[in-house]
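# attaching a predicted model along with its sequence, questions to come.
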Amino acid sequence: MSQIVGVISDTHGLLRPSALDALRNCDLILHAGDICGQDIIDTLQAVQHTVFVQGNMDRLPHGGPIRRTASVTFGGKHFFVLHDLYELDLDPKAAGVDVVIHGHSHCPEIAYKDDVLFLNPGSIGPKRFSLPISMALIRIEGEAMHPEIITLPE
């Protein structure tokens, strides 16, 4: 049986209906920061358990309820979530991390380094330049992970 992780970032206060529809079938949602609104948090938590990290645009008190990073084990995989990949201060492979989730650039990307999946889902928030409106899904089937970038309508 497969499990699906929905990965989003950079909502900037806008949660599109098309993104919500895609997230409804997920077993877990990871949000890589720049949430920009309690209503986004409340809506996503009503859909499915969601893990949030703080982005550079999130105005939360230091040490507030949302941390800068999160470490999550789900479906037998270890996820490390942060907003800006340049702030990664650990060696994911040495730390036993299977997936590094990050955002900030609004550029969707799936990459591998030392057998670790690095995934930036892009942004589902307001349109920025010529970048797509995008998110990602990771289907976990046993030991295998199948990441996919989903482009959403504007």
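Sure thing, it's come through.
# in this structure, which spans are helices?
Using DSSP state H, the helices found in the chain span residues 17-23, 38-47.
# residue contacts, the residue nearest to residue 92 when sequence neighbours are not counted?
Excluding the flanking residues, the one nearest residue 92 by C-beta to C-beta, 6 or more residues apart in numbering is residue 116, at 4.5 Å. Just so you know, the C-beta spots here come from the backbone N, C-alpha and C atoms, and that holds for glycine as well. Listed by C-beta atoms under 8 Å, 6 or more residues apart in numbering, the contact partners of residue 116 are 92-93, 97-100.
# got a list of what the closest residue to residue 139 other than its chain neighbours touches?
Excluding its sequence neighbours, the residue lying closest to residue 139 (C-beta to C-beta, 6+ apart) is residue 146, at 4.3 Å. Applying C-beta under 8 Å, 6+ apart to residue 146 gives the contacts 138-140.
# quick revisit: most tightly packed of the helices of the chain?
Mean neighbour count, computed with mean count of other C-beta atoms under 10 Å, is highest for helix 17-23 among the helices of the chain, reaching a mean of 16.
# for the helices of the chain, give me JSON lines that also has mean pLDDT and distance to residue 87.
Shown next, in JSON lines, are the helices of the chain (pLDDT from 0 to 100; distance: least, C-beta to C-beta, whole Å):
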{"stretch": "helix 17-23", "mean pLDDT": "95", "distance to residue 87": "25"}
{"stretch": "helix 38-47", "mean pLDDT": "93", "distance to residue 87": "21"}
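# make TSV out of the ones you listed and add distance to residue 150.
Converted to TSV, the helices of the chain look like this (distance: least, C-beta to C-beta, whole Å):
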stretch	distance to residue 150
helix 17-23	6
helix 38-47	16
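# quick one: which of those helices is nearest residue 134?
helix 17-23 (9.4 Å; C-beta to C-beta).
# contact partners of the closest one?
Taking C-beta under 8 Å, 6+ apart as the rule, helix 17-23 contacts 6, 8, 29, 43-44, 47-48, 124, 135, 137, 150, 152-153.
# can I get that helix as PDB, trimmed to CA atoms?
Extracted in PDB, the C-alpha atoms of helix 17-23 (Å, rounded to 0.1, in the frame of the first residue of the first chain):
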ATOM      1  CA  PRO A  17      -8.500  25.600  -4.400                       C
ATOM      2  CA  SER A  18      -6.600  23.500  -6.900                       C
ATOM      3  CA  ALA A  19      -3.800  23.000  -4.400                       C
ATOM      4  CA  LEU A  20      -6.400  22.100  -1.700                       C
ATOM      5  CA  ASP A  21      -8.000  19.500  -4.000                       C
ATOM      6  CA  ALA A  22      -4.600  17.900  -4.700                       C
ATOM      7  CA  LEU A  23      -3.800  17.800  -1.000                       C
END
